[in-house]
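Trainee: quick one: sequence and predicted model below, then my questions.
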There are 2 protein chains.
Amino acid sequence: MASQNRNPEIRKDTVNNRWVIFSPARARRPSDFKSKSNTANPNNNSSENCPFCLGREHDCAPEIFRVPPDPSARWRIRVIQNLYPALSREIEPSSSVHGESPGPGSTGDVAISGFGFHDVVIESPVHSVRLEDLDPVGIGEVLLAYKKRIDQLRCHESIKYIQVFKNHGASAGASMSHSHSQIMALPVVPPTVSARLHSMKEHFDQTGRCSLCDIRSDDLLINESAHFISIVPFAATFPFEMWIIPLGHSSHFHDIDGEKAADLGGLLKLMLRKMSLQLNNPPFNFMIHTTPLQDTCSQLPYAHWFLQIVPQLTVVAGFEMGTGCQINPVFPEDAAKVLREVCVST
Amino acid sequence: MASQNRNPEIRKDTVNNRWVIFSPARARRPSDFKSKSNTANPNNNSSENCPFCLGREHDCAPEIFRVPPDPSARWRIRVIQNLYPALSREIEPSSSVHGESPGPGSTGDVAISGFGFHDVVIESPVHSVRLEDLDPVGIGEVLLAYKKRIDQLRCHESIKYIQVFKNHGASAGASMSHSHSQIMALPVVPPTVSARLHSMKEHFDQTGRCSLCDIRSDDLLINESAHFISIVPFAATFPFEMWIIPLGHSSHFHDIDGEKAADLGGLLKLMLRKMSLQLNNPPFNFMIHTTPLQDTCSQLPYAHWFLQIVPQLTVVAGFEMGTGCQINPVFPEDAAKVLREVCVST
């Protein structure tokens, strides 16, 4: 592979304002990357005592809604409260983020109430069905369940940002093997999100263009659908990281409609299947990167949401913790070529 | 424990400008935290084929220096090149960071040459000796080896930041079990470092005080020595994270002298032993957070170096990757109390 003869290179992720070191000396051949922990048989908890399975609804925290809503029909998707929420919906929000009050520390430390929401989206009633096993419309229904829940949560004026994410596999943070994703609604805008918005605005101010509307590159393209493209980003933080980006400019994920959700469902299914086939069913995470809610009234010309998929193939170690820079052994062009060429039977 | 009855709280790490969610609902009792992977017998590579062991010097990449320097004496520490360096010392640095040239991507992507240095510090000639097994003066010698190598590297005008770090245990990123640490010299200042400096400067501008000179708090203190304190930070990112901070104001780690190095060696040894005893020999990382080199000519009144120790007890998952916010199940006051009370035999 070409990368074996390349010198290391440091690339700037201009969307997130991060540096990434591409280091071919540390690489296997890109086509040889495989996960050591195959998650195809998710047996870290079995269906026998899984509270997410059909018929076990009473073992879960309260339900928020189900799809379809008819309680006498068999459900396909349930959105429920997390039994061990990281944030509490039952306490008072701090009066405002600007009203940060000094905490008990000695140097003007800042602490606010842990008010917020932490929900779970059960993606199927069947224990062994993975998200990628659903058809495009079925995955689209999961995406529309995210949208519906976001539309409920964004009515709370204390909620500033909503993070949708999926952890698949124990080493990617999933404590339950039954396929699910999570939604957390936060009373602060995380600095990572502020930095991304700031960086995208800077690009827009300099060029008059949205950085993600312009991102298409033949070298980095994996696949495309009617409304989305999937790429390996130019400064991918992790090997075989993928971004799925709407072709039309859109600041907020929750503006998605049914047609686009099914179309995204198809492309997401293809990316997850390619990842499973090529990388040996790795543990993975995906995250929807959207725009803070205070900006929800209008489309921001510089803010463009996207979905990031990260197979877990490497370990975050001292260098990465110290600097915030990642070392990626696979050049994005090589990862894109491998992923473009994976043959998925239909 | 008190934390079991607490509501979740969101704290701001004002040194690093990060939010951390403290979420007792997800916690075991702080005193029950144990690592699942005990690293006390580091046998992922054995001494039989370990190139870091005494007598195997010719299996390693070139040596930079050894302690003591006399080649006929038995060495205690060797500083060598990394056989698989993430950055290359053999290529030309890009002319300047400001001279960022557009890369091959489509939207003003930025890429610079992967020039830099990546060295390894072998902390002992004996395979089974861990850093915490050395006496304070011996650990001080390792710290002085870092200082000596930094003093060499900072002569290169292309080098902007030097990261010293240690990965211990395979799941913390160590590919070799023989005790070692690493030094990477970078041609850019990582954004995480810039953000830390910016945040410390902001605190200084508002209060006239350095944020780390003022950090002492009885609730968060673990131990102290003549020249250093160890604390759990008010907004610790990870459970049982520890910071060792010089009591006297100092911008750059490499200004340390022999007396302070031995004193730091003693406190570092104590913290590593407490961590091993309390948390079942967890994999861990430590990082020295210092100040970029362009500021090296003088002490900066707001910049204060420190050493961060992070036992690996949790997994970074989708929420953390999406937001940059961590969820920490252990309140820092509880972690500090547990660590303060660990009884280490001398």
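Mentor: Perfect, thanks for sending it.
Trainee: now the stretch 101-250 of chain A, which segments are flagged as low pLDDT?
Mentor: Along the stretch 101-250 of chain A, the parts satisfying pLDDT under 70 run over A:101-108.
Trainee: now do the strands in it.
Mentor: Assigned by DSSP state E, counting those that start in this stretch, the strands in the stretch 101-250 of chain A fall at A:101-102, A:110-113, A:117-122, A:161-168, A:180-186, A:221-224, A:228-231, A:242-246.
Trainee: save these as JSON lines, and put in distance to chain B and mean neighbour count too.
Mentor: (C-beta placed from N, C-alpha, C; glycine too.) Shown next, in JSON lines, are those (distance: least, CB to the nearest CB, whole Å; neighbours: other CB atoms under 10 Å in any protein chain shown):
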{"stretch": "strand A:101-102", "distance to chain B": "10", "mean neighbour count": "10"}
{"stretch": "strand A:110-113", "distance to chain B": "4", "mean neighbour count": "19"}
{"stretch": "strand A:117-122", "distance to chain B": "9", "mean neighbour count": "24"}
{"stretch": "strand A:161-168", "distance to chain B": "3", "mean neighbour count": "24"}
{"stretch": "strand A:180-186", "distance to chain B": "6", "mean neighbour count": "24"}
{"stretch": "strand A:221-224", "distance to chain B": "10", "mean neighbour count": "18"}
{"stretch": "strand A:228-231", "distance to chain B": "10", "mean neighbour count": "23"}
{"stretch": "strand A:242-246", "distance to chain B": "12", "mean neighbour count": "22"}
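Trainee: test my guess that A:I229 contacts A:I244.
Mentor: Yes: between A:I229 and A:I244 there is a contact under CB atoms under 8 Å: 7.4 Å.
Trainee: which stretches of chain A form helices?
Mentor: Ranges of helices in chain A, per DSSP state H, are A:136-153, A:191-207, A:258-279, A:318-323, A:332-341.
Trainee: quick one: mean pLDDT for the third one?
Mentor: The average pLDDT for helix A:258-279 rounds to 97.
Trainee: which positions in it come out as buried?
Mentor: Residues of helix A:258-279 classed as buried by neighbour count (16 or more other CB atoms under 10 Å in any protein chain shown): A:260-276, A:278-279.
Trainee: tell me what that helix is packed against?
Mentor: helix A:136-153, strand A:221-224, strand A:228-231, strand A:242-246, strand A:306-311, helix A:332-341 (3 or more CB pairs under 8 Å, 6 or more residues apart in numbering or on different chains; DSSP states H and E).
Trainee: also the fourth one?
Mentor: Contact analysis of helix A:318-323 by 3+ CB pairs under 8 Å, 6+ apart lists strand A:326-328, strand B:161-168, strand B:180-186, helix B:191-207, strand B:284-289, strand B:306-311 as its packing neighbours.
Trainee: who touches that helix?
Mentor: Here helix A:318-323 makes contact (CB atoms under 8 Å, 6 or more residues apart in numbering or on different chains) with A:325-327, B:86, B:161, B:163, B:165-167, B:172-173, B:182, B:184, B:186, B:190, B:192-193, B:285-289, B:308, B:310.
Trainee: list the contacts of the residue nearest the centre of chain A.
Mentor: Centroid-nearest residue in chain A: A:M287, 0.9 Å away (criterion: CA atoms, centre = their mean). Neighbouring residues of A:M287 by CB under 8 Å, 6+ apart: A:163-166, A:307-308, A:310, B:318, B:321-322.
Trainee: quick one on the thing from earlier: now the helices and strands packed on helix A:318-323 in JSON lines, with distance to B:E90?
Mentor: Formatted as JSON lines, the helices and strands packed on helix A:318-323 follow (distance: least, CB to CB, whole Å):
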{"stretch": "strand A:326-328", "distance to B:E90": "18"}
{"stretch": "strand B:161-168", "distance to B:E90": "19"}
{"stretch": "strand B:180-186", "distance to B:E90": "14"}
{"stretch": "helix B:191-207", "distance to B:E90": "25"}
{"stretch": "strand B:284-289", "distance to B:E90": "26"}
{"stretch": "strand B:306-311", "distance to B:E90": "31"}
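Trainee: count of neighbours near A:D151?
Mentor: If you count neighbours by other CB atoms under 10 Å in any protein chain shown, A:D151 ends up with 10.
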